[in-house]
Each structure stands twice: as C-alpha cells, then as structure tokens.
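Novice: Fold the following for me, if possible:
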Amino acid sequence: MRYRSATAADIEFFDEHGWIVVEDVIDPDDLVRLQERCDEIVANKETMAFDWAWAAGQDRSEREFRILQASPSWRSHEFDDAPFRTWAIEFASALTGFPTEFWYDQFLAKPAGTSVPTNWHQDEGYWGRNLDGRGITCWMPFHDVDESSGCMHFIDKGHREGVLVHERPSEVQSDLLMCRPDESRAIACPIRIGSVTFHHSKTPHMTTANTTLPLRRVLTQHLRRQGSLGEGDHYPWKVYVDQFSGRTIVPERR
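Specialist: Below you'll find the predicted structure:
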C-alpha cells in the first residue's frame, strides 16, 4: 500500500510510544530525483556538506565526513510538492493531532568503515523551547537498513520524560550533541526501502555506524506545528558550528 493515511491504531501507537514504523508506504520511484540531488552533494561534499562528527583537532581540509550532513532543499523549492513530502506532512498531522508544516530536511550519509554512531539525542535538545511539543520527524532511507548499516533506534516512551541534559562529545568539534537516556528501553528499527519512521521531537533516538553498505543514505524531514517559531529559547548546551566559515556561534539563551 503506497501513501496510505494514518489509522486510529497508528495514532494510538505513536501517542503511547513516541515513535512509529510505517512500512512499504513510499514509492521508491518517487525518490529518483532526490537521490540524484544527494549524489551531487556527496560528489561536492567539501562545499555542500558538513561533517557532523568532525573529529576534534582535525583541520577542516582533513574532515573525513564520518556523518555527512546537508540539506537537499536548501535554497531550493524542487521538492516542495514531492509526493514523499506532501504525504509526510499529512501523516504527521494525523499522528500529532495538529496541522504540521515542512520546516527543513537533512540528507545524512555514513560511509562504511569510517562512519560513527549518531549518539542518543532529542531533536528539541537542538531546537530549544520554542518547539516544545511542536515537532515531529520523518526518517526515510534510500535503501534497506539494519543495525549493521545504521538504522534508527528509539527509547520507547521516552517522549514522556521531558528534555534530557545534553552535552557536546569531547571527541568532536562539530555542533553534535548527545544525551544519556535509559537504554534498557531501546528499540532497534531495521526497515526496507519504501518504509519510514516518525518520532516525536522529545523522543531520544540514535543510529548505529555503517559497517556494511558502501554509503548509508537517508533523508530526515523535520516538521513543526503550523505557525510555530523556528529554533530559539535554547538550552545551555546549544552552539552552532559553521564548517564553511569556521565560526562557532553561541545563541541567545534564557
């Protein structure tokens, strides 16, 4: 079934658990142009992407792009009406119970062998209090993914426990953040191409390193309640690192 609507069971599960897997819903043919755009980013990563796990003490020119991070929609409206986006907005609105809108996307790629895990974190830990309870993310792979290639993991029902304390890992100089949830409730979500996950903006989540695929490639679509403010009213741990200019920016805090 392609591009189906959310059911009452989907909505109940998401409300209870803070995440959901939606299987076999995206038509892979609708991802061809997106994949081409992301291939262009990979080919020009030095000027079009960040290394989200940029190692401490490493010169910018020596970045390994252990977690390549970019936005295929930056300064572009090419995918505004793409079926995978309009569907994600509709499905997210049903899950949350309020109308959502597209905010921004991220292409996240992990090379085999040199990639690293994306540590446990909550989206609101990055976004700040402006998005308190107002965000939801759709995570969509370009191929099958499992624990060996970097699939999504969630802390079950973690969205009910507020925003945890985050920190910047000492081994990176990017603006990557991490938190330390109770991992006894961690759920791994291997999925096939055409399937996606959604998670609440307070749900702790992580992905493992890629040790098998040549390049693990996914798109995250970050959605917010219609009319919401952007990032802001940040927590004490938040900084921005612009890898093009080398600037570290500390945002205004409360």
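Novice: Any buried residues in the helix or strand containing E101, and which?
Specialist: Here E101 sits within strand 100-111, counting by DSSP states H and E. By neighbour count, and taking 16 or more other Cβ atoms under 10 Å as the criterion, the buried residues in strand 100-111 are 100, 102-103, 105-111. Every residue, glycine included, has its C-beta placed from N, CA and C.
Novice: repeat for stretch 77-84
Specialist: For stretch 77-84, burial by neighbour count (16+ other Cβ under 10 Å) applies to 79, 82, 84.
Novice: Need the residues that contact that stretch.
Specialist: Outside stretch 77-84, the residues that touch it by Cβ atoms under 8 Å, 6 or more residues apart in numbering are 3, 26-27, 30-31, 33-34, 37, 72-73, 85, 102, 105, 140, 221.
Novice: just stretch 88-95 next, same as before
Specialist: Judged by Cβ under 8 Å, 6+ apart, the contacts made with stretch 88-95 from elsewhere in the structure are 5-6, 10-11, 14-15, 20, 22, 99-102, 136, 138, 140, 196, 198, 221, 223.
Novice: Now list the buried members of those.
Specialist: In the contacts of stretch 88-95, the ones that pass as buried (16+ other Cβ under 10 Å) are 6, 10, 14, 20, 22, 100, 102, 136, 138, 140, 196, 198, 221, 223.
Novice: And the helices in the stretch 101-250 of the chain, which stretches?
Specialist: Applying DSSP state H, counting those that start in this stretch to the stretch 101-250 of the chain gives helices spanning 123-127.
Novice: Break down it into its strands, ranges please.
Specialist: Assigned strands in the stretch 101-250 of the chain, in chain order: 118-121, 135-141, 152-155, 186-189, 196-200, 205-207, 215-225, 240-241, 248-249 (criterion: DSSP state E, counting those that start in this stretch).
Novice: elements contacting the second one?
Specialist: Secondary structure elements in contact with strand 135-141, counted by 3 or more Cβ pairs under 8 Å, 6 or more residues apart in numbering; DSSP states H and E, are helix 83-96, helix 123-127, strand 196-200, strand 215-225.
Novice: hmm, back to that, let me know the closest of the buried ones among the contacts of stretch 88-95 to G246.
Specialist: When these are compared for distance to G246, the smallest value, 29.0 Å, is given by Q221; criterion: Cβ to Cβ.
Novice: I'd like to know how far the closest one sits from P214.
Specialist: Distance from Q221 to P214, counting by Cβ to Cβ, to the nearest Å: 24 Å.
Novice: do D15 as well
Specialist: Taken as Cβ to Cβ, the spacing of D15 relative to P214 amounts to 38 Å.
Novice: And for A94?
Specialist: Applying Cβ to Cβ to A94 and P214 gives a distance of 36 Å.
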